[in-house]
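Student: Sequence isn't available, so here's the structure alone:
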């Protein structure tokens with residue numbers, strides 16, 4: 001590792017590092033616009049100039065200059081200061097003076113660096129150029145006259161998102177960044193170019209002219225619109241969430257965020273349940289909490305324990321599921337299920353239902369098989385990690401399921417379990433690739449286990465993982481990709497039927513007289529008999545609320561303190577950013593209050609006591625934001641006959657990425673995205 005001296009500070013960095021990276025390691029700030037640590041080096045902006053002894057006698061772009069042993073670097077010499085002022089002067093030649101009306105104001109790198117490194121005035125008096133704004137779709141707003149040609153957006157869309165829609169046309173002062181043929185950006189990660197843009201050329205279209213950054217209250221939280229557990233920051237003003245941005249977490253999402261998670265926040269204030277409702281004479285009418293609780297308590301008292309059931313939905317926090325599970329237990333019911341789509345996933349042994357390789361572990365894999373999943377639609381941020389590994393190593397990838405553009409090449413082996421059985425028997429080239437790999441990885445979509453032969457699919461994939469060497473004491477290559485944020489937490493809590501209990505399919509088919517839907521909306525309402533008494537607890541008037549006899553208004557994920565477990569088993573906590581609207585309350589508090597009215601008071605009164613109970617049920621809930629990696633010490637497979645695979649092809653888990661849950665279905669922005677991109681997707685198929 002070479003040693004060099006920067007501004008009198010000696011620093012040792014890995015070979016191949018750039019001078020800019022060495023300066024960061026020494027704690028020295030070097031201004032930059034085009035450089036970004038997760039993108040390729042472009043060297044466009046020339047703002048990161050430094051002076052290097054015994055190098056050519058001129059300012060040198062530190063982002064593109066490799067370090068060498070004994071190098072001496074000056075980052076604040078008279079030559080460097082003069083060069084940076086000149087670069088800033090050039091960058092501002094054509095930049096419009098519209099900071100007061102620019103949405104980037106207060107968060108603009110150009111503003112900050114012009115103040116810190118620029119001159120006090122400009123010598124240019126010529127007319128500024130103007131550039132036509134580009135239409136990039138319903139999410140990204142453009143004011144291209146502000147563009148300084150850093151090309152961060154182009155590099156991100158091409159390299160990270162894998163959708164080469166953006167590029168530069170013409171050269172010099174005539175250069176413009178945009179799509180070659182005017183079209184909307186067809187990436188589920190397009191909103192990240194807003195964060196990357198160092199000026200106000202690319203901003204959020206739904207957020208345009210809504211608020212200034214210093215007006216907002218910022219709360220760290222966790223995204224629940226997919227199962228990746230992306231770390232987010234919720235920006236709110238008063239009672240309203242105005243913006244959601246990603247937070248840095250190299251183990252989970254790096255610094256990226258999917259478009260649905262970023263832009264669906266306008267669904268949080270539409271179609272909300274803000275007071276209890278009670279069905280009288282066939283119609284839902286407003287009620288008080290007391291009336292709603294009395295109606296529920298009366299029906300619970302009249303029903304046998306084995307005729308009462310509960311189903312948890314995709315967005316539930318662990319606290320509310322535990323409270324409801326404890327209440328069902330007190331009522332004598334074993335009819336619980338967090339698998340509302342009918343996934344054949346067993347609780348008890350975690351590595352049967354986790355993404356065991358971990359998200360960061362993808363970067364160690366040397367072969368990948370995807371079965372019955374589309375990571376690009378189900379988990380765009382995780383899919384970007386797979387693409388990153390493919391770019392770095394040429395990772396061989398194969399797909400069993402519907403053909404899809406995953407943003408990286410994947411060998412299509414077939415659409416159904418027959419291809420899986422052939423691989424298991426060692427047939428085909430990719431079987432040899434998997435067996436030759438040192439760290440093979442198999443990714444199974446959770447919805448592939450919701451088929452009638454779901455248990456056989458799970459067992460067959462586990463068996464294949466063992467056969468190709470993916471299950472060793474040092475490497476666990478079996479992975480379940482969930483897209484429901486509550487699934488892993490529910491399975492960790494044992495929110496599944498007991499020995500005499502009924503699963504979701506049986507409960508929805510008339511197996512119970514009283515059915516409690518905790519935010520459960522992803523099922524066919526036709527299946528539910530009219531005589532079933534339905535209690536719906538949730539935050540949006542979606543499918544479940546329309547069927548309910550009693551509606552209890554709950555809190556959305558931005559309105560409560562909640563614990564969530566992502567697809568890899570990482571326990572994380574979301575924080576309350578705004579309060580629930582109207583009479584809505586946090587979900588566990590609703591269950592706790594009802595338990596008292598029903599005569600089965602739950603033994604906790606506050607969140608701390610409830611979280612202690614969480615740890616009692618499963619110690620994993622005491623391990624916050626920490627995920628130890630394990631190999632596979634027991635290759636015994638899940639229950640299920642691998643030979644009982646059916647013939648039906650695997651179906652896409654998600655038809656429309658932009659509307660998968662009550663929040664995104666209530667979002668006008670997501671409705672716009674659906675109208676824009678659904679015809680394109682249909683044409684591609």
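Tutor: Yes, it's here. As the structure is a computational prediction, the values presented were derived from the model and not from experiment.

Student: Give me the below-cutoff pLDDT ranges for the chain.
Tutor: Applying pLDDT under 70 to the chain flags the ranges 679-685.

Student: For the stretch 51-200 of the chain, which segments are assigned as strands?
Tutor: For the stretch 51-200 of the chain, applying DSSP state E, counting those that start in this stretch gives strands covering 60-61, 72-74, 140-142, 166-169, 176-179.

Student: what does the stretch 501-650 of the chain give?
Tutor: Counting by DSSP E, counting those that start in this stretch, the strands of the stretch 501-650 of the chain are 514-518, 533-538, 550-553, 562-565, 571-574.

Student: part of a helix, is residue 422?
Tutor: Yes: counting by DSSP: H, G, I helix; E, B strand; the rest coil, residue 422 is found in a helix.

Student: what's the span of stretch 303-314 from first residue to last?
Tutor: 27 Å (CA to CA, to the nearest Å).

Student: What residues sit buried inside that stretch?
Tutor: Within stretch 303-314, the residues that count as buried by 16 or more other CB atoms under 10 Å are 303, 306-314. Backbone N, C-alpha and C define where each C-beta goes, glycine included.

Student: want to throw these into a markdown table with distance to residue 373 and secondary structure?
Tutor: Below are the buried residues of stretch 303-314 laid out as a markdown table (distance: CB to CB, whole Å; DSSP: H, G, I helix; E, B strand; the rest coil):
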| residue | distance to residue 373 | secondary structure |
| --- | --- | --- |
| 303 | 39 | coil |
| 306 | 36 | helix |
| 307 | 37 | helix |
| 308 | 35 | strand |
| 309 | 29 | strand |
| 310 | 28 | strand |
| 311 | 23 | strand |
| 312 | 22 | strand |
| 313 | 21 | coil |
| 314 | 16 | coil |
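
Student: what's the closest of the residues you listed to residue 618?
Tutor: Using CB to CB, residue 312 comes nearest to residue 618 of these, at 15.4 Å.

Student: correct me, but that closest one touches residue 521?
Tutor: No: counting by CB atoms under 8 Å, residue 312 stays clear of residue 521, with 11.2 Å between them.

Student: which ones are touching residue 643?
Tutor: residue 456 (CB atoms under 8 Å, 6 or more residues apart in numbering).

Student: my bad, residue 191
Tutor: Going by CB under 8 Å, 6+ apart, residue 191 touches 139-140, 204, 257, 259, 262-263.

Student: cutoff 6 Å now
Tutor: 139, 259, 262 (CB atoms under 6 Å, 6 or more residues apart in numbering).

Student: Most neighbours of all those, which one?
Tutor: Neighbour counts for those (other CB atoms under 10 Å) peak at residue 262, which has 28 neighbours.

Student: count of residues packed around residue 515?
Tutor: With other CB under 10 Å as criterion, residue 515 counts 28.

Student: Residue 664 and residue 370, how far apart?
Tutor: As for residue 664, its distance to residue 370 is 24 Å (criterion: CB to CB, to the nearest Å).

Student: about what we covered before: redo the strands of the stretch 501-650 of the chain as JSON lines? Include distance to residue 456.
Tutor: Formatted as JSON lines, these follow (distance: least, CB to CB, whole Å):
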{"stretch": "strand 514-518", "distance to residue 456": "29"}
{"stretch": "strand 533-538", "distance to residue 456": "33"}
{"stretch": "strand 550-553", "distance to residue 456": "38"}
{"stretch": "strand 562-565", "distance to residue 456": "26"}
{"stretch": "strand 571-574", "distance to residue 456": "31"}
